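In: For reference, the sequence and a predicted model appear below.
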Amino acid sequence: MNTNQKLKGQSALVTGANSGIGEAVAIALGNEGANVVVNYVTHPENADAVVKKIQDNGSKAIAIKADVSNESEVQSMFQQMFDKFGTIDILVNNAGIQKDSPLESMSLHDWQLVINVNLTGQFLCAREAVKEFLKRGIVAERSCSAGKIICMSSVHQVIPWAGHVNYASSKGGIDMLMQSMAQEMAPKKIRINSIAPGAIKTPINKPAWDTEESLKRLLTLIPYGRIGLPEDIGKVAVWLASDDSDYLVGTTVFVDGGMTLYPGFSTNG
């Protein structure tokens, strides 16, 4: 157990936390002393396993099922969190999906589903968190801000992605959602920032890394020469949630091994 915990006594909600990046972030926050809500939609057994890992490391955790694109389910999730932990100090807007297809055959349903979960879901959760931050204000012994929101974006908020127009559009939207919320909320001492992961070794993108050939192809896009791990994102999330980053407001931290340096231009500039 970590004895010098940066988030001791704070309560965090991580959406889409039953696998991949969300799981790593939830565990990392728990390791730093936060009470953690592990949100999920499917596979409750995975969410329960994440809860157990957090509890085994000495922090409190519960799993709550909610579809972040559903307003009433989001509101119910926050109420359950307040009933259990009293408040919220940290929101990590991580839940996201992909429904890929060529533009000409992409259905309206798949367009709307991705926008609803990836973008509207972040708005709905941020709104509920902000209501509580404003109502409660700063609790100085826990944090010097009234609340922290971390929006999980992607390098595809700046890198166009053919075959994924719904996903890339949702991530571009997250960038402006985050900055606009940050501008509005900074005077109230609420800090809002984003993390934009590059290629991370998670189940959602397994075809990109699970064979030697596919991994080699992927690494041509990553100057640093390795694929990211979920724990890489967890460490940055802890920093953004802590007072160590107190002067960082409205910023996207790209955690991508240099992918946004457009390495294709290193020899073709």
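Out: Looks like it came in fine. What you are looking at is a predicted structure, and each value in this text was computed from that prediction instead of being measured.

In: Mind checking what secondary structure Val74 has?
Out: Reduced to three states with DSSP: H, G, I helix; E, B strand; the rest coil, the structure at Val74 is helix.

In: how close does it sit to Trp209?
Out: As judged by Cβ to Cβ, to the nearest Å, Val74 and Trp209 stand 32 Å apart. Glycine gets a C-beta too; all of them are placed from N, C-alpha and C.

In: the more surrounded of those two?
Out: For Val74 and Trp209, the more surrounded residue by other Cβ atoms under 10 Å is Val74, and the numbers stand at 22 against 18.

In: Surely the more buried one touches Val68?
Out: Yes - checked against Cβ atoms under 8 Å, the pair Val74 and Val68 is within contact range at 6.0 Å.

In: For the two, list the residues in contact with both.
Out: Gly121, Leu124, Cys125 (Cβ atoms under 8 Å, 6 or more residues apart in numbering).

In: how deep is the last one tucked in, by neighbour count?
Out: In this case it means Cys125. The tally of other residues near Cys125 (other Cβ under 10 Å) stands at 26.

In: show me where pLDDT drops low in the chain?
Out: Counting by pLDDT under 70, the low-confidence segments of the chain come to 1-3, 269.

In: Pairing partners for the longest strand anywhere in it, with directions?
Out: Scanning the chain for the strand with the most residues, using DSSP state E, yields strand 190-197. For strand 190-197, the pairing partners within the sheet under DSSP bridges are strand 147-152 (parallel), strand 252-255 (parallel).

In: Could you identify which of those strands is most buried?
Out: Highest mean neighbour count of the strands paired with strand 190-197: strand 147-152, a mean of 27 (counted as mean count of other Cβ atoms under 10 Å).

In: buried set for the next helix or strand after it?
Out: Using DSSP states H and E, the helix or strand that follows strand 147-152 towards the C-terminus is helix 165-185. Taking 16 or more other Cβ atoms under 10 Å as the neighbour-count basis, helix 165-185 is seen to contain the buried residues 165-175, 177-179, 181-182, 185.

In: for this structure, what spans make up the helices?
Out: Using DSSP state H, the helices of the chain run over residues 20-31, 44-56, 71-85, 108-115, 121-136, 165-185, 212-219, 230-241.

In: Quick one: closest of the ones you listed to Ile97.
Out: Comparing these against Ile97 with Cβ to Cβ, the closest turns out to be helix 108-115 (6.0 Å).

In: could you check the angle helix 121-136 makes with the closest one?
Out: For the pair helix 108-115 and helix 121-136, the angle between their directions (axes from the mean of the first three to the mean of the last three Cα atoms, to 10 degrees) equals 30 degrees.

In: Right, I'll leave it there.
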